[in-house]
Structure formats: structure tokens, C-alpha cells
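Colleague: just coords:
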């Protein structure tokens, strides 16, 4: 049996159900500026970097504020919301604890900013490395965030498992060479993206994660 070198985690929508919080913050921002915003607009931002999301919001709402100011406004609301409690997705805490028990290194690979991950780390300090959107030169869907996490952990990304919920994140992890398990949540994820699609983390074990990696490595090594 092979050994998982590390598990690399997306945050929003994968470990933590933050998408409703993001959408609430977006609607509140639109209301403050007297601008139009729809649920479909919110879904269009799932998996994007914050700068990309801020650019979309600026154009869609017709705002004069700089993109950075728009992002800061949204992030401030998210930090406040997370301070009231972390909305973990079902099975997330159990899988994180299982990885700790199995002594598998973990990285958080998110396009959210460090100020947001501080709240997650304070609630459950289990990550050996944290890669955030304000610390990478190329955001998802570029593979750089996952490659950066593997470098920081000093492991081969091909021996890592990545969990993602969006096409943008899945593309990033897959391109980095990680065994990619998709957990579709709010965004539609094509069946062709990733190595496995799970309904969620609840009911799954480290053995299930290992089984996906074993299948990927066997198929890549050929007959």
C-alpha cells in the first residue's frame, strides 16, 4: 500500500460552508451601494481569487471604489461572521482529526486571505502549512498554490491528495499533479474533473482516501 505524503485542503465550500456567508456579504454590499446583485452572480464567484471576485463585483455593480477596497470590505464582514462560529461542513472536523491521528501532514490551500484563515487556525490548529490568496503570485486555477503547498511541506505533489469543491480549485490541484477528490457543493463540477467525486466527507475514512490515491498511482504506472 502506498503512503499519502500529505493532504491539501481547499477552505471555502470544502472544509467550511462559507459560501452563504460570502453571498450575504455581497448582497449587503450591493444594498449599501444601491446596486443590483443576484444569486447567479454569487455562484459565478465560487472558487475565484478575491481580486478576481472584486473585479467582477466592481464591474457588475458599477462601483467607483478600487478593487482592493471592495475586497477589504467583504473580507471584514467575513472575519466578523467567522468570529461568531465556524460553519464546518459535515465530516470535515472528523476527517481532519483522522489525518492528525494518522500523522499525515496537511496544508490549507485557499484563495481567501490570511486574516480569514487565522480564524480557522484558532478554531482547529491542525495545518502544517497555510497558503493563502494574498501570498501567491498566481491564484487558482493556476497550479501554483498547490505546488507552493507541496514545496513548503517538502513532498512530491504527485503523492498528495487534494480536496476541492469548485472547477477552479479542482483544475489547480489536478494541474499540480495531486490526486484530486472533488466535493461538489454550490458550483457544478464536470464529472471529468478530478479523480473521484464524493457527496461529502461524512462517512468517509482515511482508508477511502488512500484507495483513491492507490487507484490513481496504479493507473499512472501502467500495466
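Modeller: Thanks, I have the structure now. Bear in mind that the values here come from a model prediction, so they are computed numbers and not experimental data. Numbers count the residues shown, from 1 in each chain.
Colleague: Domain map for the protein?
Modeller: 6-17+87-221, 19-82 (automatic domain parsing).
Colleague: Please name the nearest non-neighbouring residue to residue 205.
Modeller: residue 98 (6.6 Å; Cβ to Cβ, 6 or more residues apart in numbering). Just so you know, the C-beta spots here come from the backbone N, C-alpha and C atoms, and that holds for glycine as well.
Colleague: Retrieve the pLDDT associated with that neighbour.
Modeller: The model reports residue 98 with a pLDDT of 96.
Colleague: For the domains of the chain, could you give me a markdown table that also reports mean neighbour count?
Modeller: Putting the domains of the chain into a markdown table (neighbours: other Cβ atoms under 10 Å) gives the following:
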| stretch | mean neighbour count |
| --- | --- |
| domain 6-17+87-221 | 19 |
| domain 19-82 | 17 |
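Colleague: Helices of the protein, residue ranges please.
Modeller: 19-33, 39-44, 50-61, 67-82, 92-101, 114-123, 144-153, 167-175, 206-221 (DSSP state H).
Colleague: closest to residue 192 out of the ones you listed?
Modeller: Residue 192 lies closest to helix 167-175 among these, at 10.1 Å (Cβ to Cβ).
Colleague: Outside of that closest one itself, list whatever touches it.
Modeller: By Cβ atoms under 8 Å, 6 or more residues apart in numbering, the residues outside helix 167-175 that reach it are 8, 10, 14, 46-48, 109, 140-146, 162, 164, 180, 182, 187-190, 193-195.
Colleague: just to revisit the earlier point, now the helices of the chain in CSV, with distance to residue 129?
Modeller: CSV is the format used below for the helices of the chain (distance: least, Cβ to Cβ, whole Å):
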stretch, distance to residue 129
helix 19-33, 24
helix 39-44, 29
helix 50-61, 20
helix 67-82, 20
helix 92-101, 13
helix 114-123, 11
helix 144-153, 4
helix 167-175, 15
helix 206-221, 18
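Colleague: closest one to residue 135 among the ones you listed?
Modeller: Nearest of the helices of the chain to residue 135, taken as Cβ to Cβ: helix 114-123 at 6.8 Å.
Colleague: Return the list of helices and strands in contact with that closest one.
Modeller: Counting contacts by 3 or more Cβ pairs under 8 Å, 6 or more residues apart in numbering; DSSP states H and E, helix 114-123 packs against helix 67-82, strand 129-131.
Colleague: Where does the prediction get shaky in this protein?
Modeller: 1-2, 222-223 (pLDDT under 70).
Colleague: about what we covered before: among the helices and strands packed on helix 114-123, which is nearest residue 60?
Modeller: helix 67-82 (10.8 Å).
Colleague: out of the contacts of helix 167-175, which are inside strands?
Modeller: Of these, the ones assigned to strands by DSSP state E are 8, 109, 162, 164, 180, 182.
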